[in-house]
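Participant: Kindly generate the corresponding structure for this input.
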Amino acid sequence: MLKLHEKSGEDTVALMADIGRRARAAVRPLAVASTKAKNAALVAMADAILRNEQAILDANAIDMSNGEEAGLSGSFMDRLKLTPSRIKAMADGISEIAALKDPVGDVIAEWDRPNGLHIERVRTPLGVIGVIYESRPNVTADAGALCLKAGNPVILRGGSDSNNSSSAIHACMVEGLKAAGLPQDAIQLVPTTDRAAVGEMLKGLGGSLDVIIPRGGKSLVGRVQNEARVPVFAHLEGICHLYVDRSAKLDMAVKIAVNAKMRRTGVCGAAETLLVDRAVASTHLVPILEALRAAGCEIHADAEVTEAFADASPATDADWVTEYLDAIIAVKLVDDVAGAIEHIETFSSHHTEAIVAEDAQAVEKFFNEIDSAILLHNASTQFADGGEFGMGAEIGIATGKMHARGPVGVEQLTSFKYRVRGSGQVRP
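Facilitator: The predicted structure is shown next:
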């Protein structure tokens, strides 16, 4: 397991500079690594995670105990917790990444010019990627595997709360690299809890880092966006909306609402606001809210809703812009799909929105007029996940519009170059 580096100050600066240099040295060997070698490493990583399940659980137990002593929130503890099923899902995700098509070298487009030149746009690795994340130890596996498949060395800086868990998982990743004969520095975990390490990454590690991906709370993402001197794939908060249209089937709306909010309340794809068409308030509203309440959800609602459902608390302005990451949902009545769109475009973080409806025109209007990274029809917002998209895993859900948007998988971790083939042409 990774040995924790406890010193700080100048020592951390030197440590991070060395990590950056070693990651940069791995760029070319990884960029030209064969698909066979990368897949062999990934398969070995998945096997190592399953084989070392107990060691990972033991390390996680230490983190969980420390988290309880520190008084971490329930949602934070849920994201931190590992179980045998979550460890298996982690290994399965790596295996699925191994089975994906290798994006490196893929010809995205090609065409011929009148002068006989043949032009190809080809996928290439991005370079050294820095991932800064908080409580989710599974990001260590997901990010390491995705970056490897896309031919990118990665520097992982997990949160101090998950350090033991991440270290145990990282040891399995390194084992896979060794087994395939790939550079061990291709996946590095920052071995210090000193916050200065994050500052060094944001500075770019002396030119060693090409991209930074933050995965965590609003304050972390805000700091990265404000201070980073290298490009950032931003994963902002998930203020996700579920709209129940007048054409929605009641049983479907109930099932989707409960799953979207309560399946896992601490994930970014959890619904935080429920919008119900005023036209079906008398038939749909109370059954949906009763089901949510029965599942343990606290309801904050506008005046119309609280009048119809006495077990709801009055909503404040803050409720419409809050990512609860907890068993709480804000509820409001709106005038048809246009009212839902107006509310969503006003308050959404542009992460994920869903509509429950049978009216095809309402669905098309919802899809066409809402500018969020993921839109769903008659499905739970909790499908906002790279694994559910068939990507094996994801580093995060990018809510920006530059380069990557939505789940960041192997294709989103590549850039491209042009290959131009001629037969002696010169430019007049």
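Participant: what comes up buried for the helix or strand hosting Ala59?
Facilitator: Per DSSP states H and E: Ala59 is located in helix 53-70. By 16 or more other C-beta atoms under 10 Å, the buried positions in helix 53-70 come out as Glu53, Ile56, Leu57, Ala59, Asn60, Asp63, Met64, Asn66, Gly67. Every residue, glycine included, has its C-beta placed from N, CA and C.
Participant: give the contact list for Leu50.
Facilitator: Ile87, Lys88, Ala91 (C-beta atoms under 8 Å, 6 or more residues apart in numbering).
Participant: With secondary structure added, can I get the residues you listed in TSV?
Facilitator: Output for the contacts of Leu50, formatted as TSV (DSSP: H, G, I helix; E, B strand; the rest coil):
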residue	secondary structure
Ile87	helix
Lys88	helix
Ala91	helix
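Participant: Filter the residues you listed down to the buried ones.
Facilitator: Judged by 16+ other C-beta under 10 Å, buried ones among these: Ile87, Ala91.
Participant: would you list the contacts of Leu50 in CSV and tack on pLDDT and distance to Ala41?
Facilitator: As requested, the contacts of Leu50 are exported to CSV (pLDDT from 0 to 100; distance: C-beta to C-beta, whole Å):
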residue, pLDDT, distance to Ala41
Ile87, 97, 19
Lys88, 96, 19
Ala91, 96, 14
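Participant: tally of neighbours for Ala143?
Facilitator: 30 (other C-beta atoms under 10 Å).
Participant: One more: Val420?
Facilitator: By the criterion of other C-beta under 10 Å, Val420 has 10 neighbours.
Participant: Which of the helices or strands spans the residue lying closest to it once chain neighbours are set aside?
Facilitator: Closest residue to Val420 apart from its sequence neighbours, by C-beta to C-beta, 6 or more residues apart in numbering: Ile119 at 5.2 Å. Element membership for Ile119 (DSSP H and E) is strand 118-125.
Participant: What strands flank that strand, and is each parallel or antiparallel?
Facilitator: strand 107-112 (antiparallel), strand 414-421 (antiparallel) (DSSP bridges).
Participant: Quick check: next helix or strand after it?
Facilitator: strand 129-133.
Participant: what residue ranges in the chain are flagged as low confidence?
Facilitator: Low-confidence segments of the chain, defined by pLDDT under 70: 1-9, 236.
Participant: domain parsing for it?
Facilitator: 10-235+408-420, 240-383 (automatic domain parsing).
Participant: ok, for the residue nearest in space to the middle of the chain, nearest residue in space, not its chain neighbours?
Facilitator: The C-alpha lying nearest the average C-alpha coordinate of the chain belongs to Gly396 (C-alpha atoms, centre = their mean; 1.6 Å). Once flanking residues are discounted, Gly396 sits nearest to His235: 3.6 Å by C-beta to C-beta, 6+ apart.
Participant: where's that neighbour relative to Glu358, distance?
Facilitator: Separation of His235 from Glu358 (C-beta to C-beta, to the nearest Å) stands at 33 Å.
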